[in-house]
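A.B. asks: coords please:
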Amino acid sequence: MEKADQSNQTLVTDLGQSIDSIRNAHGQLGDLGTTAATPADLASRIRLYDRLLWEISGVRRRLAKDLRSRSTSLLASSRESRH
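C.D. replies: Take a look at the predicted model:
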């Protein structure tokens, strides 16, 4: 059980960091929208969008992994209780 609690805390910490990074990038993109788009501005926006996509896909991967892990645990518990 302690391992599951530690795993849950790690997941929450990782997700929190990703959400903070997403918020930061979103705020920076909003700031960029008020200025004329120079080549440097466009390059900066591309990097920010890349970071957003990376973080969002990371959140998805971590949640999917956690869901698979929980499903496997529930199935194993269900099988054990039947025997």
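A.B. asks: Which positions within the helix or strand containing Ala25 qualify as buried?
C.D. replies: For Ala25, the host element (DSSP states H and E) is helix 2-32. Within helix 2-32, the residues scored as buried using 16 or more other C-beta atoms under 10 Å are 15, 18, 21-22, 25, 28. For every residue, glycine as well, the C-beta is placed using N, CA and C.
A.B. asks: What angle do helix 2-32 and the next helix or strand after it make with each other?
C.D. replies: Of the helices and strands lying after helix 2-32 in sequence (DSSP H and E), the nearest is helix 39-82. Interaxial angle, helix 39-82 versus helix 2-32 (axes from the mean of the first three to the mean of the last three C-alpha atoms, to 10 degrees): 160 degrees.
A.B. asks: and helix 39-82, what's its mean pLDDT?
C.D. replies: Average pLDDT, helix 39-82: 86.
A.B. asks: any idea how far Trp54 is from Gln9?
C.D. replies: 23 Å (C-beta to C-beta, to the nearest Å).
A.B. asks: Asp50 too?
C.D. replies: Going from Asp50 to Gln9 by C-beta to C-beta gives 29 Å.
A.B. asks: cool, Asp20 as well?
C.D. replies: For Asp20, the distance to Gln9 (C-beta to C-beta) stands at 16 Å.
A.B. asks: likewise Ser81?
C.D. replies: Going from Ser81 to Gln9 by C-beta to C-beta gives 27 Å.
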